[in-house]
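> Would you be able to build a 3D model of this:
(one chain, ligands or ions: 1)
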Amino acid sequence: MGNDDKCILVTGGAGFIGSHTVELLLASGYSVRVLDNFSSGHIDNLPQHEHLDIVQGDIRDQEQVNAVMQGATHCLHLAAQVSVSRSVEDPCDSATHNILGALNVMHAAAQAKVSKLVYASSAAVYGAPSQLPLTEASALAPLSPYGLEKWVDERYAALLASLHGLPSLGLRYFNVYGPRQDPRSPYAGVVARFIDRMLAHQAPIIFGDGTQSRDFIYVGDVARANLTALFSTHCGICNVATGQQIDLLDLIDLLSRSTGCTLPAQHLPAKAEDIRHSYGDPHRLAEWLSLTPQWTMDEGLGELIHHCRQTMTDDERPPLTVNA
Ligand SMILES: NC(=O)c1ccc[n+]([C@@H]2O[C@H](COP(=O)([O-])OP(=O)(O)OC[C@H]3O[C@@H](n4cnc5c(N)ncnc54)[C@H](O)[C@@H]3O)[C@@H](O)[C@H]2O)c1
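Numbering: from 1, shown residues only. As a prediction, this is how the structure comes out:
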């Protein structure tokens, strides 16, 4: 029997991580149904494919979620209000997406008796680390409503597993980067924002001294983790991290070489809520999902810059004299 007897519902499938995962699922022969309200995702991120069904809708609409879950054998829940700062400004609205919306999806998945629910959690559940690397057993102390909402989702998933036997795996993604991350969005990842400016030959902007470090993981590796998690028997929580930390000054060095922009970074005051260092322990990812990140930072950034150059409009290209 082929993979097309399995139907994967992907909420948020038109977004950054979702669209890469949908492509991988389709290439692996699965049927895919996307539920997305296109608030931050784009229909253009998705291919036209005979095994892809796209439904415009909202995870906050319980009836719609129940309807779209019918016939799904597996569910990957990625749809979310993804802005940490927006969750601080309007925690009630954020919770309607990230707690109530997520609960709609989880409850519908349990009722439909899907074989597996995989859902996006986040390294934001850890808050400021008291020890590094962060393991799945590290203390959780989120610094934002967003981080707390993801933690609540994890607790609901565990509860629905014991109440209804719903098999689920929550993936705590670290800093994901790659093509299709919108650099102009106010909450875009730092990699996308640096590249956007450096390709336009503008100095990258760093909040603080630039020695803060993060664990950056390429979106292609995250898509592989999502697919593997859907068909793994492991349930619970798993970091999706490389275990490597890179500081922002080194990141800019790498980007200078690939973009040709050698302008020194512009430093603005550090943000009070900024975590100094964060990186995840990837051992469980290797043990449970047999997965080690394949993309080095150099390769991932190269791919991303190539993509950005290809999608730049003529207006966005720097004048040739600057490039010379
Ligand atoms: N990108 C990262 O570094 C990162 C890190 C940790 C966790 N995450 C989590 O991964 C998931 C995917 O994030 P992303 O980076 O691809 O963001 P994204 O904004 O590109 O994708 C989110 C998708 O969800 C859709 N959506 C939002 N609210 C919705 C709603 N109420 N109903 C239906 N669709 C809705 C959006 O239109 C979008 O397509 C999110 O749950 C996010 O919290 C991302």
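
> which residues of the stretch 201-324 of the chain fall in strands?
Along the stretch 201-324 of the chain, the segments classed as strands by DSSP state E, counting those that start in this stretch run 205-207, 213-214, 216-218, 236-240, 246-247, 266-268.

> Point out the most buried one among these.
Comparing the strands of the stretch 201-324 of the chain by mean neighbour count (mean count of other CB atoms under 10 Å), strand 216-218 ranks first with a mean of 26. For every residue, glycine as well, the C-beta is placed using N, CA and C.

> domains in this structure, as residue ranges please.
Listed by automatic domain parsing, the domain ranges of the chain are 3-176+217-240, 182-214+244-278+295-323.

> Show me the one of those domains that comes nearest the ligand.
Comparing the domains of the chain by their distance to the ligand (CB to the nearest ligand atom), the top pick is domain 3-176+217-240, with 2.0 Å.

> close to the ligand, is that closest one?
Yes. Contact of domain 3-176+217-240 with the ligand (CB under 6 Å from any ligand atom) involves 11-12, 14-18, 36-41, 58-60, 78-82, 97, 101, 120, 122, 173, 175-176.

> Restricted to strands, list these.
Cross-referencing the residues of domain 3-176+217-240 next to the ligand against strands under DSSP state E gives Thr11, Asp36, Ala120, Ser122, Tyr173, Asn175, Val176.

> Narrow these to just the buried residues.
Buried subset of these (neighbour count, 16 or more other CB atoms under 10 Å): Thr11, Asp36, Ala120, Ser122, Tyr173, Asn175, Val176.

> SS state for the closest residue to the fourth one other than its chain neighbours?
Ranked by CB to CB, 6 or more residues apart in numbering and with sequence neighbours excluded, the top spatial neighbour of Ser122 is Lys150, at 4.7 Å. When states are read from DSSP: H, G, I helix; E, B strand; the rest coil, the local structure at Lys150 comes out as helix.

> Touching, Lys150 and Val125? I think so.
Yes. Using CB atoms under 8 Å, Lys150 is in contact with Val125, at 5.2 Å.

> got a list of contacts for the helix or strand where Tyr146 lies?
Assigned by DSSP states H and E, Tyr146 belongs to helix 145-164. Here helix 145-164 makes contact (CB atoms under 8 Å, 6 or more residues apart in numbering) with 81-84, 87-88, 91, 94-95, 98-99, 102-103, 106-107, 110-111, 117, 119-122, 124-127, 140, 142, 166-168, 170, 235-237.

> and the angle from that helix to strand 236-240?
Using axes from the mean of the first three to the mean of the last three CA atoms, to 10 degrees, the inter-axis angle of helix 145-164 relative to strand 236-240 is 140 degrees.
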